[in-house]
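Asker: Here you go, sequence then predicted model.
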Amino acid sequence: MPSSHKFSPARKPGPPAAPARADRPFRGITLILASTVFLGTSDVTAKYLSATLPSIEIAWLRFLVFGLIMIPAMVPGSPLYAMQTTRPAFQLLRGVALVGSSLLFITGLGFLPIAEASATGFVSPLFVTALSIVFLGESVGLRRWLATAVGLIGVLIILRPGSSAFHPAALFPIVSAFAWACTLVMTRMMSGSERAITTMTYSSISGVFILSALVPLVWVAPGWHGVLFGILIGVASTAGQWIVVLAFRYADASVLAPFSYIQLLWVSVFGFLLFGEVPDVWTVTGAAFIVASGLYTAHRERVRRSQLLALPGEPSPNA
């Protein structure tokens, strides 16, 4: 008797699904605090190396170590294999933005006190707010725009354009923050379909290829201490980024964002101990404006999410 079942061709398995979120805010906060130590260490070490090595070479060392760490995720048959993606071009574009952000920030560190560069770099949430309108279709109300304006005032206080204190290199952390905001927005756009390990793998590949093409143009043979500190930058930054990814599994960005500013404390302490840098009153005041702006933006994001959950499709006009 012929079978009545219809057989369909076997489908090629797609990339593994991203892990489910878990609502454990205390664990997420603990992780984000730990990440600030690693990321602060990476920034301080990069500033130390900037006195003897070009920024492109420092960034290359960072991404080379990053790529070596991610090799198990690139090998077919490995339990960690993560090269399967539904959006390869988007992954590579995100990697380009990440490389640009890292390279520009390291370049700025070579000319600026680390506290000033780091505080200026924390304007990325302001760029995320603007980019979310265009690429994520989010509505941004008056209150968040006012918070953005406060953050921009903080940047102007730190930079003091038009005065003798202004250094053109201060533009590097700002453009770096914009590139990092692009990275965050693209990460959010892919978060529902791409695993974190896949995103990190493609970022490491992009960084190694781009910077390997550029580093011969500026190559300076590093001493053994340069190699060791380059490895430290790569390990610390990779660990910090990975911990951030883990933190977002346990809490929303609006919950975690305020605690990321602890990194400003670490880099200020490290900057004083290692370079004798003491943030001036302008940097402290401007940083206070930027942090206040970021905290309020995170608060409004939390309010907006609660309103969307309560009344789907009816976001507050003042969010």
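Answerer: Received, thanks. In this text, all values refer to a predicted model and were calculated from it rather than measured experimentally. Numbering: from 1, shown residues only.

Asker: Helix or strand with the lowest mean pLDDT in the chain?
Answerer: Across the helices and strands of the chain, mean pLDDT, DSSP states H and E gives its lowest value to helix 253-260, namely a mean of 70.

Asker: On the C-terminal side of it, identify the next helix or strand.
Answerer: Per DSSP states H and E, the first helix or strand lying C-terminal to helix 253-260 is helix 262-275.

Asker: and that following helix, what does it pack onto?
Answerer: helix 25-49, helix 114-121 (3 or more C-beta pairs under 8 Å, 6 or more residues apart in numbering; DSSP states H and E). Heads up, the C-betas are built off the backbone N, CA and C, glycines and all.

Asker: Tell me which residues are up against it.
Answerer: With contacts defined as C-beta atoms under 8 Å, 6 or more residues apart in numbering, helix 262-275 is touched by 33, 36-37, 39-41, 43-44, 47-48, 113-115, 118-119, 122, 277-279, 287, 291.

Asker: For ChimeraX, what selects the buried ones among the residues you listed?
Answerer: Buried subset of the contacts of helix 262-275, written as a ChimeraX selection, criterion 16 or more other C-beta atoms under 10 Å:
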select :33,36,37,39,40,41,43,44,47,48,113,114,115,118,119,122,277,279,287,291
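
Asker: Pull the contacting residues for residue 105.
Answerer: 43, 117, 121, 172-173, 176.

Asker: Can you flag the buried ones in those residues?
Answerer: Buried subset of the contacts of residue 105 (neighbour count, 16+ other C-beta under 10 Å): 43, 117, 121, 172-173, 176.

Asker: Serialize the residues you listed to CSV and add fields for pLDDT.
Answerer: Output for the buried ones among the contacts of residue 105, formatted as CSV (pLDDT from 0 to 100):
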residue, pLDDT
43, 92
117, 89
121, 84
172, 93
173, 91
176, 94
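
Asker: quick check, nearest of those to residue 159?
Answerer: Distance to residue 159 across the buried ones among the contacts of residue 105 (C-beta to C-beta) is lowest for residue 173, with 9.6 Å.

Asker: Show residues contacting the helix or strand that contains that closest one.
Answerer: Using DSSP H and E, residue 173 falls within helix 171-190. Residues from elsewhere that reach helix 171-190 (C-beta under 8 Å, 6+ apart): 87, 90-91, 93-94, 97-98, 100-105, 107-108, 111-112, 117-118, 120-128, 131-132, 135-136, 155, 199.

Asker: got the angle between the biggest helix by length in the chain and helix 262-275?
Answerer: Longest helix in the chain, counting residues (DSSP state H): helix 281-310. Interaxial angle of helix 281-310 relative to helix 262-275 (axes from the mean of the first three to the mean of the last three C-alpha atoms, to 10 degrees): 160 degrees.

Asker: Show me what counts as buried in helix 281-310.
Answerer: Residues of helix 281-310 classed as buried by neighbour count (16+ other C-beta under 10 Å): 283-284, 286-287, 289-291, 293-294, 296-301, 304.

Asker: so for that helix, what's the average pLDDT?
Answerer: If you average the pLDDT over helix 281-310, you get 76.

Asker: Who are the packing partners of it?
Answerer: helix 114-121, helix 124-135, helix 142-159, helix 253-260.

Asker: Which of the helices or strands spans residue 205?
Answerer: helix 196-214.

Asker: Tell me what angle that helix forms with helix 171-190.
Answerer: Using the same axes, to 10 degrees: helix 196-214 against helix 171-190 is 140 degrees.

Asker: For helix 196-214, give the mean pLDDT please.
Answerer: In this model, helix 196-214 has a mean pLDDT of 93.

Asker: Show residues contacting it.
Answerer: Contact with helix 196-214 is made by 15, 18, 56, 59-60, 62-64, 66-67, 69-70, 73-74, 80, 82-85, 88, 91-92, 94-96, 98-99, 102-103, 187, 190, 238, 241-242, 245-246, as judged by C-beta under 8 Å, 6+ apart.

Asker: What of stretch 284-296?
Answerer: For stretch 284-296, the surrounding residues in contact (C-beta under 8 Å, 6+ apart) are 115, 119-120, 122-123, 125-126, 143, 147-148, 150-151, 153-159, 257-258, 261, 264, 279.

Asker: Thank you, goodbye.
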